[in-house]
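Engineer: model this:
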Amino acid sequence: MSENKLVAVVNGKEITQGDVLKFLNDLGPQVAMQFQSPDGIKRVIDELVNQELLYLEAVENKIEKDEEFQDILNQTKITLLKSYALGKLINEEEVTETEVEEFYNEHRDHYKKPETVVASHILVDNEEKAQEILKEIEEGLSFEEAASKYSSCPSKEQGGNLGEFGKGQMVPEFEAKAFEMEIDTISEPVKTQFGYHIIKLNGKNPSRVRDLEEVKDEIYQQALRLKQQEKYLDKINELKGKYEVKIVE
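Structural biologist: Residues are numbered from 1 along each chain as shown. Here you go, the predicted model:
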């Protein structure tokens, strides 16, 4: 789609595919989806034409001279100027690679990843059924096949695999058992509020400090926000010394 392609002309004003794309982008992705068909694009073009017609009449009738419009225009200008001034102040800030490394070294404890485990389970309603399943597994049925065949949890579609999780993410009884197990072992039935679980521990990941490369982008954004905030506060303090400020209580 060429953004320069002409789609309409209103009193000499050209409307292009670029104008159509901008209109759709301003709507947001969910609403814009409703206008992706040829008929939807035509409706957008019609709306852009309609808006241009209203603009032409407003100019002809000198609506911009209305007192109410001037008030709105002034308030909008003030709001935009405030926003622009703030952006101009803080957007000049940058964070260097050295500053990222220094921030990381000074705050290493903030980037600790807690211990996690990787586990699968089979969930059934009663302990008797759980014991019967355990017996089948002992006789050669794979854990994954047993989960797919008997488990009432949606994870049955993945052979009972729950993926990786840390402490505080599962119900206490399940979590306590999973974290004390050895890799590749299968538990006796564990009772929780959901029923009886047979747990298989697939892996353990000890607590560790994440590498700098893992958190570099996160640190950059955090350090940038701190520098911007510091610059903002410094500027405000400077301006308070320049202009009179009186707080009325």
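Engineer: gap between residue 223 and residue 217?
Structural biologist: Separation of residue 223 from residue 217 (C-beta to C-beta, to the nearest Å) stands at 11 Å. Every C-beta, even on glycine, is put in place using the N, C-alpha and C of the backbone.
Engineer: of these two, give the one with the bigger neighbour count.
Structural biologist: residue 223 (20 against 10; other C-beta atoms under 10 Å).
Engineer: just checking, that one touches residue 95?
Structural biologist: Yes. The criterion here is C-beta atoms under 8 Å, and residue 223 meets it with residue 95 at 4.7 Å.
Engineer: in this structure, which segments are predicted with low confidence?
Structural biologist: 1-2 (pLDDT under 70).
Engineer: in which helix or strand does the residue nearest in space to the middle of it reside?
Structural biologist: The centroid of the chain falls nearest to residue 218 when counting by C-alpha atoms, centre = their mean (13.4 Å). Here residue 218 sits within helix 212-242, counting by DSSP states H and E.
Engineer: what packs against that helix?
Structural biologist: Contact analysis of helix 212-242 by 3 or more C-beta pairs under 8 Å, 6 or more residues apart in numbering; DSSP states H and E lists helix 67-90, helix 97-106 as its packing neighbours.
Engineer: quick one: buried residues of it?
Structural biologist: Residues of helix 212-242 classed as buried by neighbour count (16 or more other C-beta atoms under 10 Å): 215, 219-220, 222-224, 227-228.
Engineer: kindly state the domain boundaries assigned to the chain.
Structural biologist: 1-61, 115-206 (automatic domain parsing).
Engineer: and of the buried residues of helix 212-242, the nearest to residue 87?
Structural biologist: Of all those, residue 87 sits closest to residue 228, with 10.1 Å by C-beta to C-beta.
Engineer: looks like that closest one contacts residue 92 (just checking).
Structural biologist: No. Judged on C-beta under 8 Å, residue 228 makes no contact with residue 92 at a distance of 9.2 Å.
Engineer: can you map out the helices along the protein?
Structural biologist: 17-27, 29-32, 38-60, 67-90, 97-106, 127-138, 143-150, 172-180, 212-242 (DSSP state H).
Engineer: to residue 156, which of these lies closest?
Structural biologist: Closest of these to residue 156 is helix 143-150, at 5.1 Å (criterion: C-beta to C-beta).
Engineer: how far out from the middle of the chain is the closest one?
Structural biologist: For helix 143-150, the separation from the chain centroid amounts to 34 Å (computed by C-alpha atoms, centre = their mean, to the nearest Å).
Engineer: repeat for stretch 11-18
Structural biologist: Centroid separation for stretch 11-18 versus its chain: 36 Å, with C-alpha atoms, centre = their mean.
Engineer: quick check: buried residues in it?
Structural biologist: Applying 16+ other C-beta under 10 Å to stretch 11-18 flags 15-17 as buried.
Engineer: before we move on, what about stretch 106-123?
Structural biologist: Buried residues in stretch 106-123, counted by 16+ other C-beta under 10 Å: 111, 116-123.
Engineer: turn the buried residues of helix 212-242 into JSON lines, including distance to residue 204.
Structural biologist: Converted to JSON lines, the buried residues of helix 212-242 look like this (distance: C-beta to C-beta, whole Å):
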{"residue": "215", "distance to residue 204": "22"}
{"residue": "219", "distance to residue 204": "28"}
{"residue": "220", "distance to residue 204": "31"}
{"residue": "222", "distance to residue 204": "30"}
{"residue": "223", "distance to residue 204": "33"}
{"residue": "224", "distance to residue 204": "36"}
{"residue": "227", "distance to residue 204": "39"}
{"residue": "228", "distance to residue 204": "41"}
